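Peer 1: Sequence first, predicted model second:
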Amino acid sequence: MQHADQVAYLERMLGMVRNNTRDDGPGLSHTPVETYYDADRFRREVDLLFRRHPIVVGFSSQLRRAGDFVTHDHTGQPILVTRGTDGLLRAFLNVCRHRGATVEPKACGANKRAFVCAYHGWSYDLTGRLVGITDGAMFGDVDRAAYGLRRLKVAEKHGLVWVVPTALANGEDAGFDIDAYLEPLGADLSGWDMQGWELHNSQPIRPRMNWKLVIDTFLELYHFRYLHPGTVYPLFLDNVATYERMGSHMRWAAAKRTLTEIEGQPTESWRIRDHAIVFYQLFPNTVLTYTQDHCGVFTSFPVTPDESVMQFSVLVPPEEKAQKPESYWKKNVDFFATALVEDFGIGETIQRNFRSGANREQTFGKFEKALGWYHEEVERAVLSSPPHA
Ligand code: FES
Ligand SMILES: [Fe+2]
């Protein structure tokens, strides 16, 4: 985040403390409750948002060397990402071209030279080329060039790996312009300098909530006082935050209780991470949280209209990791995991209650405007063709 933006956000939040105001939108906003459980709507979201948009499926630190790989199934598509001896990252459908078995069953690994299908032993090199057919001479004529693993569009930036989970035709270009997709957040994300950060922890959580309701829990601080009195609330000023729409994405900051310590200090010395957490919502399903010494990556994936998987990952700069003991990081992860249990405990009641007939729509207050923006963006994307189709 550029220093001028950091100062502007900190000043805005100090103003809210001084005048007891909030970062208000023009009025209330709403979204119909059906969007959280309707089966047709759910299918459209999967087909459009989770097949045509870039989705974070892994991290550069898992894929540093040739032969490193990760697999990923949360989008509903079986995905395999690996780095070739040429240094390039490639993504494939993790599906054997013989009769469709899963080629690589492990979640991640290293030193692969080829992926060998466990069913009949067909093998694929790191570029996805079919290089071995068991008893090939007797099997019959197979045009090997046409039987490589199906490619997917893939991009790597800021330590994150994105895939567009739709199979490409043979010969179709697998690259895409991730910078264009992330605009106008490019300068911000470059500023955090995450390329070398290490994946410290990654765990799935499976709330019985629609995948968007999971994202909703990150978009306001209004609930901290009541829902998180023993976890995050003691760290933050009550509902002091500032929100901004950035293309189809969002950026916001939440003030910590130490914020007022910077009053009177020269603005050149202000550093937002010391007195606030900075959040980004990367459309459609990722939230990044920058704290003093790490970045939390939260990705929400649809399972059914009423269930999701949220992958909670922590990226740490190597110098921070070297300075602090394992017990420090474990405490940190446990702390956030406890707050998530609180969020999802209440979220699961909301999901169950959607069908009760009590509310036809969700009501978002003026300082909950980020929820209104988010659902507007989802609606727009579901109704239109996305830029990277
Ligand atoms: S399904 Fe993979 S070798 Fe037969
Ligand atoms: Fe929360």
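Peer 2: On my side now, so go ahead. Numbers count the residues shown, from 1 in each chain. Ligands and ions are numbered 1, 2, ... in the order given.

Peer 1: is it true that residue 47 lies in a helix?
Peer 2: Yes - counting by DSSP: H, G, I helix; E, B strand; the rest coil, residue 47 is part of a helix.

Peer 1: And it, how close does it get to ligand 1?
Peer 2: Residue 47 sits 27 Å away from ligand 1, going by C-beta to the nearest ligand atom, to the nearest Å. Any C-beta I mention is one placed from the backbone N, CA and C, and that applies to glycine too.

Peer 1: Check residue 37 too.
Peer 2: Residue 37 is 37 Å from ligand 1, where distance means C-beta to the nearest ligand atom.

Peer 1: what number of residues lie near the closest residue to that residue other than its chain neighbours?
Peer 2: Nearest-residue entry for residue 37: residue 305, 4.8 Å, with adjacent residues in sequence omitted and distances by C-beta to C-beta, 6 or more residues apart in numbering. For residue 305, the tally of surrounding residues (other C-beta atoms under 10 Å) stands at 22.

Peer 1: Pretty sure residue 305 sits against residue 36.
Peer 2: Yes - between residue 305 and residue 36 there is a contact under C-beta atoms under 8 Å: 7.4 Å.

Peer 1: list residues touching both of the two?
Peer 2: Residues touching both residue 305 and residue 36 (C-beta atoms under 8 Å, 6 or more residues apart in numbering): residue 210.

Peer 1: still on that earlier bit, so for the residue nearest to residue 37, what pLDDT did the model give?
Peer 2: pLDDT recorded at residue 305 is 98.

Peer 1: same check, this time on residue 25
Peer 2: For residue 25, the pLDDT comes out at 89.

Peer 1: Could you tell me whether residue 119 really is in a strand?
Peer 2: No - read with three-state DSSP, residue 119 is coil and lies in no strand.

Peer 1: backbone phi and psi for it, please?
Peer 2: Backbone torsions of residue 119, given as degrees, to the nearest 10, read phi -80, psi -60.

Peer 1: Any figure for the gap between the nearest residue to it once chain neighbours are set aside and residue 116?
Peer 2: In space, and not counting its chain neighbours, residue 119 is closest to residue 101: 4.1 Å by C-beta to C-beta, 6+ apart. Counting by C-beta to C-beta, to the nearest Å, the gap from residue 101 to residue 116 is 11 Å.

Peer 1: Equivalent analysis for residue 173, please.
Peer 2: With distances taken as C-beta to C-beta, residue 173 is found 28 Å from residue 116.

Peer 1: Looking at those two, which is more packed in?
Peer 2: Neighbour count, other C-beta under 10 Å: between residue 173 and residue 116, residue 116 has more, with 18 against 8.

Peer 1: what sits against the closest residue to the more buried one other than its chain neighbours?
Peer 2: Ranked by C-beta to C-beta, 6+ apart and with sequence neighbours excluded, the top spatial neighbour of residue 116 is residue 123, at 4.5 Å. By C-beta under 8 Å, 6+ apart, the contact set of residue 123 is 114, 115, 116, 117, 130, 131, 132.

Peer 1: Dihedrals phi and psi, residue 123?
Peer 2: Note on residue 123: backbone dihedrals following degrees, to the nearest 10 are phi -130, psi 150.

Peer 1: hmm, back to that, can I get the buried part of the contacts of residue 123 as one ChimeraX selection?
Peer 2: The buried residues among the contacts of residue 123 can be selected in ChimeraX (16 or more other C-beta atoms under 10 Å) with this line:
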select :115,116,117,130,131
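
Peer 1: name the element the spatially most distant residue from the centre of the chain belongs to?
Peer 2: Distance to the chain centre peaks in the chain at residue 138, reaching 46.5 Å (criterion: C-alpha atoms, centre = their mean). Element membership for residue 138 (DSSP states H and E) is helix 136-139.

Peer 1: hmm, who's touching that helix?
Peer 2: By C-beta under 8 Å, 6+ apart, the residues outside helix 136-139 that reach it are 133, 142.

Peer 1: Return the distance of that helix from the chain's centre.
Peer 2: The chain centre lies 44 Å from the centre of helix 136-139; the measure is C-alpha atoms, centre = their mean, to the nearest Å.

Peer 1: still on that earlier bit, OK, contacts around the residue nearest to residue 37?
Peer 2: Residues in contact with residue 305, defined by C-beta under 8 Å, 6+ apart, are 36, 37, 38, 39, 41, 42, 210.

Peer 1: ok, the closest residue to the last one other than its chain neighbours to residue 378 distance?
Peer 2: Read it as residue 210. Counting by C-beta to C-beta, 6+ apart, residue 210 lies nearest to residue 36, which is 4.2 Å off, once chain neighbours are set aside. Here residue 36 is placed at a distance of 11 Å from residue 378 (C-beta to C-beta).

Peer 1: which residues are in contact with both of those two?
Peer 2: In terms of C-beta under 8 Å, 6+ apart, residue 36 and residue 378 are both contacted by the residues residue 212.
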